[in-house]
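# Provided below for reference: sequence and predicted model.
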Amino acid sequence: MTTQTLTLELGEPLYQRLQERALRTQRSVEAEALDLVANGVLDLDQLEPELAEAVAQLRFLDDAALWQAAHMRIAPTDAELLEGLHVKRQREGLSTGEADQARTLTRTYERVMLIRAEAAALLHERGHDVEILRSGPPRV
């Protein structure tokens, strides 16, 4: 694998946050920055077209709509059903219909999580403190 060198100029507050994060994870600032970049780059070409379009459209939302997207979640009944199917799969296995239902619910869950993560990233880019999204369950 070939590598490229990238030089970034960071403001002091951002550099301090990156340095604190590196200290917490006992890694170098460079390793932490590389990890954040690698995890922060979303390859829309690898997503299903419908999902890629939904994620791409988030950029055009105002901040209030992004906050709503960042707090979205699957229906509580779907979450309970998915958890029950996971438990059943581990205990005794699933029927074909149950396995299909688990796949569908998992895709829904993954879609919601991707949209929430991208909305949070966009809010962060716009200068909002998104740490509140880490504390407690998301609002509906």
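Structure received. Please read all numbers here as calculations on a predicted model, not as lab measurements.
# And the lowest-mean-pLDDT helix or strand in the chain, what does it pack against?
Within the chain, no helix or strand scores below helix 29-40, which has a mean of 75 by mean pLDDT, DSSP states H and E. Packing contacts for helix 29-40, counted by 3 or more C-beta pairs under 8 Å, 6 or more residues apart in numbering; DSSP states H and E, involve helix 12-25. For every residue, glycine as well, the C-beta is placed using N, CA and C.
# who touches the helix it packs on?
Applying C-beta atoms under 8 Å, 6 or more residues apart in numbering, the external contacts of helix 12-25 come out as 10, 28, 29, 31, 32, 33, 36.
# One more: stretch 115-133?
Contact with stretch 115-133 is made by 40, 42, 54-55, 58-59, 61, 63, 66-67, 69-73, 138, as judged by C-beta under 8 Å, 6+ apart.
# Dump it to CSV, restricted to CA.
The C-alpha coordinates for stretch 115-133 follow below in CSV (Å, rounded to 0.1, in the frame of the first residue of the first chain):
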residue,chain,number,x,y,z
ILE,A,115,-28.0,8.8,9.3
ARG,A,116,-27.6,9.7,13.0
ALA,A,117,-23.8,9.5,12.7
GLU,A,118,-23.7,11.6,9.5
ALA,A,119,-26.1,14.2,11.0
ALA,A,120,-23.9,14.4,14.1
ALA,A,121,-20.8,14.8,11.9
LEU,A,122,-22.4,17.6,9.9
LEU,A,123,-23.5,19.4,13.1
HIS,A,124,-20.0,19.1,14.4
GLU,A,125,-18.6,20.5,11.2
ARG,A,126,-21.0,23.4,11.6
GLY,A,127,-19.5,24.2,15.0
HIS,A,128,-22.1,22.6,17.3
ASP,A,129,-21.2,20.7,20.4
VAL,A,130,-22.5,17.2,19.7
GLU,A,131,-21.3,15.6,23.0
ILE,A,132,-24.9,15.7,24.2
LEU,A,133,-25.6,13.0,21.7
